[in-house]
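# this one's sequence-less:
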Ligand code: NAI
Ligand code: MG
């Protein structure tokens, strides 16, 4: 079976770190002759604006629709920011997400190597066993509701439809099943909403509970008001271990806080999926959490780990190769916890090391090969 992958390298460090992730994919193809990937490339962001005046073309969107997965580099940069009235490169990502209806954004919060704990914004004994996944509803709520902007007032309609909440709840449940606790039961799902003040929040809670009672009665579902979840996340984040199921607005904030727990932008992956993981392969968009880092592009300094871990998520959810995903994550862990011939850590500058983008990518790929 041939899997179809669309690679959109993006701008600035996007293509630099995409190239490193693809090295590990090549290893997998070499080691596993039955595993075949057909890769095609397209433009997105500033690269696309320069060529076509669009941040993404219909042709690329169609290619995305007919692919099994999209590996996306980060987009944007100052050269496209100052044109008044122009479309921004980031619009390309929004259009891609909307066209594919990539409704659940998944961001894991845990350390990909224990040696990274000192990068955390929090004390290492508080964060060391942190292991939760934020599932953010990605296509509804206040960000997509009808907007009005007048002279003296403005509004955003914070609206949720039953089906939007249901499908997101199913993603959260599916991930809880993959994160079993010590006694082999599924992880807890934390429902983070504001049912105390928002009508849409009460609806979110009701629909979520309906879905879990009907379809996932073996999974423990607990409510946590979104603001208090934010507090717990910085005081005792391990209390939230499991899956955090939340709406678009709260998910935006909670997933950024969870990024602060891990500390270094250069190692945070994400997935936006278009279906329920675990029910066979789902289409998804896989990208680093960080932006295109124009300040360091072209210098070989960019950390490729976030993009490589995004590839691991792609293997897990879209290519249904969870074992290979585990092995790639293991290769990342080994790379970050090991030293080169001179006793230096194999890390880029953002993690306090002096390795180049390429050295880190090559080391991960070679660790992946050994396994
Ligand atoms: P940024 O995430 O690109 O950079 C913030 C800081 O982190 C910079 O100092 C950068 O050098 C560093 N950094 C980020 N990724 C790194 C990596 N892999 N290795 C080493 N250092 C890294 O955010 P910024 O500077 O606010 O935005 C730059 C551009 O990226 C803007 O045009 C912004 O709109 C765009 N952007 C795009 C996103 C996307 O493609 N999904 C997400 C966020 C921003
Ligand atoms: Mg955000």
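Now that the structure is in, tell me what you want to look at. Owing to the predicted nature of the structure, the values given are computational and were not obtained by experimental measurement. Ligands and ions are numbered 1, 2, ... in the order given.
# Which neighbouring elements make contact with the helix or strand containing residue 191?
Here residue 191 sits within strand 189-193, counting by DSSP states H and E. On a contact count with 3 or more CB pairs under 8 Å, 6 or more residues apart in numbering; DSSP states H and E, strand 189-193 meets helix 162-178, helix 199-215, strand 221-225, helix 226-235, strand 242-246, helix 248-262. Placement of C-beta: from N, CA and C, glycine included.
# Please identify the most buried of the ones you listed.
strand 242-246 (a mean of 28; mean count of other CB atoms under 10 Å).
# How far off centre is that strand?
14 Å (CA atoms, centre = their mean, to the nearest Å).
# what mean pLDDT does the longest helix along the chain have?
Scanning the chain for the longest helix, with DSSP state H as the assignment, gives helix 13-31. Helix 13-31 shows a mean pLDDT of 97.
# which SSE is the residue of the stretch 151-300 of the chain at minimum distance from ligand 1 in?
The nearest approach of the stretch 151-300 of the chain to ligand 1 comes at residue 291, 2.4 Å away (CB to the nearest ligand atom). Using DSSP H and E, residue 291 sits in no helix or strand.
# for stretch 298-314, how far is the first residue from the last?
26 Å (CA to CA, to the nearest Å).
# Quick one: name the residues of the stretch 201-350 of the chain near ligand 1.
Residues of the stretch 201-350 of the chain lying close to ligand 1 (CB under 6 Å from any ligand atom) are 265-266, 287, 290-296, 302-303, 306, 348, 350.
# what about residue 272, which SS state?
The three-state assignment at residue 272 reads strand, by DSSP: H, G, I helix; E, B strand; the rest coil.
# picking up where we left off before, same list (the helices and strands packed on strand 189-193) but as TSV, adding mean pLDDT.
Below are the helices and strands packed on strand 189-193 laid out as TSV (pLDDT from 0 to 100):
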stretch	mean pLDDT
helix 162-178	97
helix 199-215	98
strand 221-225	98
helix 226-235	97
strand 242-246	98
helix 248-262	94
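# looking at these, which is closest to ligand 2?
Closest of those to ligand 2 is helix 248-262, at 4.5 Å (criterion: CB to the ion).
# which secondary structure elements does that closest one contact?
Judged by 3+ CB pairs under 8 Å, 6+ apart, the packing partners of helix 248-262 are strand 104-109, strand 132-137, strand 189-193, helix 226-235, strand 242-246.
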